[in-house]
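Engineer: Model the following, please.
(one chain, ligands or ions: 2)
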Amino acid sequence: MINVVKIGGSLLSLGSIDHILADFKRVLSKNKVILVHGGGKEVTEIAEKLGKKQTFIISASGIKSRYTDKETIEIYSMVMAGKISTEIVAQLQSIGISAIGLSGVDACLIKAERKKRLIIIDERGRKRIIEGGYTGKIISVNTKVLKMLLEAGFMPVVSPIAIGTEYEILNVDGDRAAAYIAGSIGAENIIFLTDVDGLFLEGKLVKHLSLNEAKRIMKKVGHGMDKKILAAIEAIELGAKRCIISSGKREFPITYALEGEEKTVIEK
Ligand SMILES: Nc1ncnc2c1ncn2[C@@H]1O[C@H](COP(=O)(O)OP(=O)(O)O)[C@@H](O)[C@H]1O
Ligand SMILES: [Mg+2]
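Structural biologist: Ligands and ions are numbered 1, 2, ... in the order given. Prediction:
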């Protein structure tokens, strides 16, 4: 059984993720795991230390994302693949897990099409078209290389960076990257570990959602969680069996995501 686990940047910025990585050891005895990490907050912090102010835009469908110009994509890949992934891989090795860090550029793991223009909603609520910069829409995942690594006993740790059709380095959203990987490889579960128990609507935790219900409630979900719902829909439509959104703050977060009650499950 293949599980894709995405660790949100929200958890990385809380401090230690030792308890999450340690829990992989239990889960790995029965399952194969591909880890995808986030880290947007750290990208912003380091960019600003380097004197590069980050700006965020809202797309026509209401999704918030980083505006990625040339300098920003350089900092983004430095922090994501250079720092965050390397640190996670080192930590996994220290507990005896053979992890291997890959960005979407390695072996063309994640191919994307550069968005040449973006339709955004400006501060006054009006639609505007701007230059796309270096963000991509994912078009394919090299599942062959992932399967090969899993078969050989490695745990892939994937940074949300893609390679464009003209070999540009592109920023892709971590949730969507995890979704595309999970869908393409036909994962049993895609687990989003984040800083809340799951999706809340009207103050209550939503424990189950069908694919159609997920599509219907999309507009009611706030920034951050909206991308996970969108990614869940994408993953299931591409071929993943189930999406679980659960807290990464619990003692055994992956075991809990698989066996616990207080979480959100999205299935066909
Ligand atoms: N309806 C909702 N239910 C739960 N969380 C929500 C909702 N709307 C917005 N959020 C926000 O989404 C956040 C999780 O997304 P995000 O901050 O991007 O985390 P991650 O780093 O794990 O991707 C939560 O901390 C919460 O503030
Ligand atoms: Mg997020």
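Engineer: Quick check: buried residues in the longest helix along the chain?
Structural biologist: Of all the segments of type helix in the chain, defined by DSSP state H, the longest one is helix 225-238. In terms of neighbour count (16 or more other C-beta atoms under 10 Å), helix 225-238 has its buried residues at 225-236, 238. To be clear about C-beta, it is placed using only N, CA and C from the backbone, and glycine gets the same treatment.
Engineer: Ligand 1: which of those residues is nearest?
Structural biologist: residue 225 (3.4 Å; C-beta to the nearest ligand atom).
Engineer: my guess is residue 258 meets residue 26, correct?
Structural biologist: No. If you go by C-beta atoms under 8 Å, residue 258 and residue 26 don't touch, sitting 9.9 Å apart.
Engineer: between the buried residues of helix 225-238, which is closest to residue 199?
Structural biologist: Among those, residue 225 lies closest to residue 199 (C-beta to C-beta), at 5.8 Å.
Engineer: What is the neighbour count of the residue of the stretch 1-150 of the chain found nearest ligand 1?
Structural biologist: Minimum separation of the stretch 1-150 of the chain from ligand 1 (C-beta to the nearest ligand atom) falls at residue 8, amounting to 1.8 Å. By other C-beta atoms under 10 Å, 25 other residues sit near residue 8.
Engineer: That one and residue 29: what is the separation?
Structural biologist: Computed as C-beta to C-beta, to the nearest Å, the residue 8 to residue 29 distance reads 25 Å.
Engineer: again with residue 223
Structural biologist: Applying C-beta to C-beta, the value for residue 223 to residue 29 is 37 Å.
Engineer: Please identify which of the two sits among more neighbours.
Structural biologist: Shown here are residue 223 and residue 29; by other C-beta under 10 Å, residue 223 has more neighbours (12 against 7).
Engineer: Give the helix, strand or coil label for that one.
Structural biologist: Following DSSP: H, G, I helix; E, B strand; the rest coil, we place residue 223 in the coil state.
Engineer: residues touching it, list them.
Structural biologist: Contact analysis of residue 223 by C-beta atoms under 8 Å, 6 or more residues apart in numbering lists 63, 64.
Engineer: again, 6 Å this time
Structural biologist: Contacts for residue 223 (C-beta atoms under 6 Å, 6 or more residues apart in numbering) come out as residue 64.
Engineer: So for stretch 256-268, what gets flagged as buried?
Structural biologist: For stretch 256-268, a neighbour-count test (16+ other C-beta under 10 Å) marks 256, 257, 258, 263, 264, 265, 266 as buried.
Engineer: What mean pLDDT does it get?
Structural biologist: The pLDDT scores in stretch 256-268 average 97.
Engineer: End to end on that stretch, go ahead and measure it.
Structural biologist: From its first residue to its last, stretch 256-268 covers 22 Å (C-alpha to C-alpha, to the nearest Å).
Engineer: Also stretch 130-146?
Structural biologist: Taking C-alpha to C-alpha as the measure, stretch 130-146 stretches 35 Å from start to finish.
Engineer: got a list of contacts for that stretch?
Structural biologist: For stretch 130-146, the external contacting residues (C-beta under 6 Å, 6+ apart) are 68-69, 73, 107-118, 120, 156, 162, 164, 170-172, 180-181, 184-185.
Engineer: hmm, who's touching stretch 48-58?
Structural biologist: Contacts to stretch 48-58, defined as C-beta under 6 Å, 6+ apart, come from residues 44, 47, 64, 66, 67, 71, 120, 121.
Engineer: How about it and ligand 1, any contact?
Structural biologist: No. Judged by C-beta under 6 Å from any ligand atom, stretch 48-58 and ligand 1 are separated, with a smallest distance of 11.9 Å.
Engineer: okay, that stretch in CSV with CA atoms only?
Structural biologist: The C-alpha trace of stretch 48-58 is given here as CSV (Å, rounded to 0.1, in the frame of the first residue of the first chain):
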residue,chain,number,x,y,z
GLU,A,48,12.8,38.9,3.5
LYS,A,49,16.1,38.5,5.3
LEU,A,50,17.7,38.6,1.9
GLY,A,51,15.9,41.9,1.2
LYS,A,52,13.4,40.4,-1.2
LYS,A,53,9.9,41.3,-0.3
GLN,A,54,7.3,38.6,-1.0
THR,A,55,3.9,39.4,-2.5
PHE,A,56,0.8,37.2,-2.5
ILE,A,57,-2.0,37.2,-5.0
ILE,A,58,-5.5,35.9,-5.1
